[in-house]
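S.K.: Have a look; sequence and predicted model below, questions after that.
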Amino acid sequence: MCGITGYVGARPGVRTVIDMLRRLEYRGYDSAGVAVAGLAAGSDRGDLEIVKAAGKLAVLEGQLQDHWEMQGTAIAHTRWATHGGPTTPNAHPHYSCDKRIALIHNGIIENFQELKEQLGAAGHAFTSDTDTEVMVHLVEEAYKATGCMETAVRKALCQVRGAYSIAVVSTHEPDTLYAAKTASPLILGLGNDENFLASDIPALMRYTKRVLVLEDGDFAVLNRQGVRVSTRDGEPVMREPFLVTWDEQTAERGGYPHFMLKEIHEQPRALADTLRGRIREDGRVVLPELEAFTAARLAAFTRISIVACGTAYHAGVVAKKFFESVLRRPAEVTVASEFRYGDPLVGPDTLCVVVSQSGETADTLAALREARRLGATIVSMVNVVGSSIARESDAVIYTQAGPEICVASTKAYVTQVMALYLLGLHLAASEQRLSADELRAYAQGLTALPDAVEAVVAQALSVEDLAARLADKSTFFYLGRGYDYAVSLEAALKLKEISYLHAEAYAAGEMKHGPLALVEKGVVVVCFATQPALFEKMLSNLREVSARDGLVVAVVPEGERRADAAADYVLRIPAVLPCFAPIVAVVPMQLLAYLVARARGCEIDQPRNLAKSVTVE
Ligand code: M6R
């Protein structure tokens with residue numbers, strides 16, 4: 001996730017914004033840059049300088065020796081690539097053509113392509129592949145027409161669609177910073193005769209503890225004397241400053257005790273970002289990444305083979321079901337380490353869908369290479385731009401989870417599932433397998449998911465009692481049918497990896513073929529019953545467990561009461577389209593795993609024996 005910092009005041013601007021940026025490194029990034037408008041020490045230069053570099057902050061710092069003591073209003077940025085690879089030209093800030101305006105951005109501009117064409121026709125030259133660069137040219141164009149920076153930035157914002165927090169500095173008004181926010185975070189730090197802005201509070205804490213959190217649609221003007229906040233249209237708004245009382249480490253985690261909890265809470269935003277710009281009004285899915293594949297080429301893939309490891313494999317299990325239901329043809333999902341040595345039935349007629357958060361997992365990469373060797377076409381779902389899997393794929397659909405720091409995957413999983421749904425719907429629409437009404441219904445169902453997840457996250461407290469009751473148990477089963485079986489796999493993995501408890505997932509109908517022998521008093525059995533068509537069957541499984549004194553936790557849609565009598569504990573989740581329930585049903589299980597691990601005193605963000613990116617076999 002990109003990091004933004006900005007400073008206006010008497011301190012050396014470059015030094016200050018880079019120091020602040022260092023405190024945002026935990027967000028992950030692949031390049032960095034800084035812009036300063038003002039005077040170099042001992043010089044009368046009044047220009048706007050940008051210095052940027054691919055790689056870590058140290059690389060940028062190496063190029064800043066002459067700038068370190070420069071006074072002047074400054075902005076700086078760490079970039080987590082979304083549009084365009086992690087290169088120096090794509091790093092922020094971006095210049096206007098006349099090099100008098102510089103802009104940094106966190107977010108995604110959905111309509112950048114059409115704006116780029118319009119601006120290109122008006123004579124603007126672009127130097128990067130980013131979506132961001134259009135914004136600085138829009139500001140420049142509006143400044144030419146109005147001669148007022150504030151109006152120019154406002155006008156530019158009115159033309160873009162998408163998510164953004166931005167900061168703008170210029171030689172037209174070198175003592176002023178302009179900032180705005182919609183969807184991506186932006187915080188102002190209030191000082192004495194100086195002011196600051198940043199994507200997150202840790203960047204500000206060394207300089208001021210008085211902060212003000214901008215809300216969606218806010219527009220801010222900062223100079224030494226103060227800050228002024230209004231709507232994008234200029235209506236003044238009041239945002240109450242408050243005093244931050246966290247220490248720096250807590251602040252890095254946004255006030256959460258662990259990254260895992262922070263990332264669980266980020267899921268509604270991550271889902272919304274993965275969906276952003278993907279659904280047309282008529283319900284059709286927009287995947288420009290697959291533009292090169294004609295409908296005839298897509299329809300010619302007689303086999304779909306999904307490969308991945310761990311949590312990403314579980315996302316693939318959901319996708320297999322969904323692909324088969326909307327495409328009415330077989331899809332396979334295989335653990336990458338089995339695929340690579342399994343003499344897979346793959347050839348030129350195969351669409352190989354590779355799923356990976358890191359894009360670097362050794363087994364998954366090897367499976368991709370094996371599929372390619374056998375002639376398959378590779379479409380990958382990856383979270384890290386420019387990673388090995390992304391580079392070696394024919395097309396990449398990036399999930400927009402942002403950097404995931406906790407080893408146990410949460411927000412990456414839900415965004416993978418979301419991206420896979422989008423792919424399934426795109427294929428189905430291109431093969432004309434769904435009516436216009438069906439497409440619209442699926443689209444509405446997807447659009448409802450961020451709020452549904454938000455509702456579950458907001459009820460985190462309701463899982464706390466249950467976690468306290470389960471923390472001393474030692475055997476857990478997770479049961480489900482259909483989509484619920486797919487969720488069971490992921491729910492069991494979450495508990496295992498962070499609480500070190502034995503958890504097994506089973507297709508519910510399999511219990512009586514063996515595992516039921518293990519059920520006795522004290523054994524916990526989580527039963528997912530989110531699928532109306534299979535509810536009665538799940539109810540029977542639940543009763544089988546209850547009759548053997550197992551402790552039953554039922555996960556059901558809101559309004560469903562039929563499991564209440566047989567279950568010891570009922571967790572209710574918002575009712576969504578049954579095929580999309582995995583994204584919602586997994587969330588209470590992530591919270592449960594987290595709370596059980598916490599109650600057991602486990603190391604949550606870095607569980608024993610595990611690594612975030614498994615780059616060895
Ligand atoms: O980076 P990847 O998605 O390729 O990683 C695959 C697995 O190692 C990963 O999903 C792992 O299972 C999770 N950390 C579990 O939470």
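M.R.: Right, received. Where do you want to start?

S.K.: what's the residue in the stretch 1-150 of the chain positioned nearest to the ligand sitting at in phi/psi?
M.R.: Using CB to the nearest ligand atom, Gly28 is the residue of the stretch 1-150 of the chain that sits closest to the ligand, at 13.2 Å. (Glycine included, C-beta is placed from N, CA and C.) Note on Gly28: its backbone torsions stand at phi 80, psi 140 [degrees, to the nearest 10].

S.K.: Over to Lys52?
M.R.: Dihedral angles for Lys52 - degrees, to the nearest 10 - are phi -150, psi 160.

S.K.: quick one: contacts for it?
M.R.: By CB atoms under 8 Å, 6 or more residues apart in numbering, the contact set of Lys52 is 31-34, 60, 88, 91-93.

S.K.: what does the model give it for pLDDT?
M.R.: Predicted confidence (pLDDT) for Lys52: 95.

S.K.: what about Ala517, distance to the ligand?
M.R.: The gap separating Ala517 from the ligand is 29 Å, by CB to the nearest ligand atom, to the nearest Å.

S.K.: burial of that residue, as a residue count?
M.R.: 9 (other CB atoms under 10 Å).

S.K.: Quick check: nearest residue in space to the residue in the chain that the ligand sits nearest to, chain neighbours excluded?
M.R.: Residue of the chain nearest the ligand, by CB to the nearest ligand atom: Gly310 (1.9 Å). Take Gly310 and drop its neighbours on the chain: the residue closest to it by CB to CB, 6 or more residues apart in numbering is Leu493, 6.9 Å away.

S.K.: In terms of helices and strands, where is the one you found?
M.R.: For Leu493, the host element (DSSP states H and E) is helix 483-499.

S.K.: What of His105?
M.R.: In this assignment (DSSP H and E), His105 forms part of strand 101-109.

S.K.: who does that strand pair up with?
M.R.: Paired neighbours of strand 101-109 in the sheet (DSSP bridges): strand 94-95 (antiparallel), strand 162-170 (antiparallel).

S.K.: circling back: what does the pLDDT read for the residue of the stretch 1-150 of the chain closest to the ligand?
M.R.: Residue-level pLDDT assigned to Gly28 equals 73.

S.K.: now stretch 279-294, how far from the chain's geometric center?
M.R.: Computed by CA atoms, centre = their mean, to the nearest Å, the separation of stretch 279-294 from the middle of its chain amounts to 20 Å.

S.K.: Next: stretch 231-240.
M.R.: 28 Å.

S.K.: hmm, who's touching it?
M.R.: With contact meaning CB under 8 Å, 6+ apart, stretch 231-240 is reached by 154, 157-158, 180, 212-215, 217-219, 228-230.

S.K.: end-to-end on that stretch?
M.R.: In stretch 231-240, first residue to last residue: 15 Å (CA to CA, to the nearest Å).

S.K.: same question, stretch 218-228
M.R.: Span of stretch 218-228 from end to end, CA to CA: 10 Å.

S.K.: contacts for stretch 591-609?
M.R.: 257-261, 264, 405-408, 456-457, 460, 463-464, 466-468, 470-471, 491, 494-495, 497-501.

S.K.: Now the buried members of the residues you listed.
M.R.: Buried members of these, counted by 16 or more other CB atoms under 10 Å: 258-261, 264, 405-408, 456-457, 460, 463, 466-467, 470-471, 491, 494-495, 497-499, 501.

S.K.: which non-adjacent residue is nearest His186?
M.R.: If you look again at residue 186, you'll see it is Leu, not His. The spatial neighbour of Leu186 that comes closest, neighbours along the chain excluded (CB to CB, 6+ apart), is Ser165 at 3.9 Å.

S.K.: Next, the contact list for that neighbour, please.
M.R.: 4, 105-107, 179-182, 184-186, 199, 214.

S.K.: and it, bridged to which residues?
M.R.: Taking DSSP bridges as the rule, Ser165 bridges to Asn106, Lys181.

S.K.: For burial, what's the neighbour tally of Gln225?
M.R.: 11.

S.K.: picking up where we left off before, would you mind identifying the next helix or strand past the strand holding His105?
M.R.: The element immediately downstream of strand 101-109 (helix or strand, assigned by DSSP H and E) is helix 112-121.

S.K.: residues making contact with that following helix?
M.R.: Residues outside helix 112-121 that contact it (CB under 8 Å, 6+ apart): 83, 109, 126, 130-134, 137-138, 141, 159-160, 162.

S.K.: These in helices, which ones?
M.R.: Residues of these located in helices (DSSP state H): 133-134, 137-138, 141, 159.

S.K.: now the residues you listed as JSON lines including pLDDT and neighbour count?
M.R.: JSON lines is the format used below for these (pLDDT from 0 to 100; neighbours: other CB atoms under 10 Å):
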{"residue": "Glu133", "pLDDT": "94", "neighbour count": "29"}
{"residue": "Val134", "pLDDT": "96", "neighbour count": "28"}
{"residue": "His137", "pLDDT": "98", "neighbour count": "26"}
{"residue": "Leu138", "pLDDT": "97", "neighbour count": "25"}
{"residue": "Glu141", "pLDDT": "96", "neighbour count": "21"}
{"residue": "Gln159", "pLDDT": "95", "neighbour count": "17"}
